[in-house]
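Asks: predicted model, plus sequence, below.
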Amino acid sequence: MAFLGTLLGALLAFPLAFFAARNITPNRVVNQVLKRAFDFLRSVDMLIWALFLTRAFGPGPLAGSGAIFLTETGTLGKLYSEGLENIDNKPREGIKSTGASTVLTHRYGIIPQIVPVFVSQTLYQWESNVRGATIIGAVGAGGIGLKLWEAMRTNANWENVAYMVLLILIVVFLFDMASNALRHRLMGTKVH
């Protein structure tokens, strides 16, 4: 649920961020409309999106993935567009001066600068969403959070509750370690 929601949010936010960045797309209206859309999507908490989507589609992972997707589209869209606005324009201008197309200018003048930052931000959000998925699951949005909530509500088997909490802690810890190692590898720094 966290993986799917984060992945879909990142895939939508990536192209939209190019249109939201002032230095990439000079159209002020497009920039502002997208930035306000990102603000709206991220200002509504993931839990509120989960409640709304659970009501619309019923309980289950569709509502949870949808809540994460909406929140991440706004959050990553803002982060990506700000990252694009802070790139060094010299490589882009140099490639453009050779007569390269817009696609080639973006491919060789922008993408190499932003990939490590975008991947780092996306991994951090994914790591955060693994924890968030437990909470939104408790409101019926699927995943282990729903199972945990059901087990706690029935008061039937607290041993299972303890196992689920332990499993959640282990998964979050492993995701944290894996994403941290991948982030450092992409950024070219040592893992501490």
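Replies: Perfect, I can see it now. Numbers count the residues shown, from 1 in each chain.
Asks: in what helix or strand does the closest residue in space to residue 148 that isn't next to it in sequence lie?
Replies: Closest residue in space to residue 148, ignoring its immediate chain neighbours: residue 164 at 4.8 Å, by Cβ to Cβ, 6 or more residues apart in numbering. For the C-beta atoms, the positions are set from N, CA and C on the backbone; glycine is no exception. Here residue 164, judged by DSSP states H and E, is contained in helix 158-187.
Asks: which parts of that helix are buried?
Replies: Within helix 158-187, the residues that qualify as buried by neighbour count (16 or more other Cβ atoms under 10 Å) are 161, 164, 168, 171, 175, 176, 179, 180, 183.
Asks: same thing with stretch 53-65?
Replies: Residues of stretch 53-65 classed as buried: 53, 54, 59, 60, 61, 62, 63, 64, 65 (neighbour count, 16+ other Cβ under 10 Å).
Asks: who are the packing partners of the helix or strand where the last one lies?
Replies: When elements are assigned from DSSP H and E, residue 65 belongs to helix 61-85. Helix 61-85 sits against helix 2-20, helix 28-43, helix 46-57, helix 111-136, helix 143-154, with contacts defined as 3 or more Cβ pairs under 8 Å, 6 or more residues apart in numbering; DSSP states H and E.
Asks: span of stretch 151-162 from start to end?
Replies: Stretch 151-162 has its terminal residues 10 Å apart, counting by Cα to Cα, to the nearest Å.
Asks: which strands or helices does whichever strand or helix holds residue 103 pack on?
Replies: Secondary structure assigned from DSSP H and E places residue 103 in helix 102-109. Using 3+ Cβ pairs under 8 Å, 6+ apart as the contact test, the elements touching helix 102-109 are helix 89-97.
Asks: just want the angle from the helix it packs on to helix 102-109.
Replies: Using axes from the mean of the first three to the mean of the last three Cα atoms, to 10 degrees, the inter-axis angle of helix 89-97 relative to helix 102-109 is 140 degrees.
Asks: list the contacts of helix 89-97.
Replies: Contacts of helix 89-97 with the rest of the structure, by Cβ atoms under 8 Å, 6 or more residues apart in numbering, involve 23, 104, 105, 108, 109, 110, 112, 113.
Asks: can you lay out those residues as TSV showing distance to residue 48 and neighbour count?
Replies: Compiled in TSV, these are given as follows (distance: Cβ to Cβ, whole Å; neighbours: other Cβ atoms under 10 Å):
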residue	distance to residue 48	neighbour count
23	33	14
104	42	13
105	40	20
108	41	15
109	39	20
110	34	21
112	38	11
113	35	17
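Asks: mind putting these into TSV with pLDDT and distance to residue 6?
Replies: As requested, these are exported to TSV (pLDDT from 0 to 100; distance: Cβ to Cβ, whole Å):
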residue	pLDDT	distance to residue 6
23	92	26
104	92	29
105	91	29
108	92	27
109	92	27
110	92	23
112	90	23
113	89	22
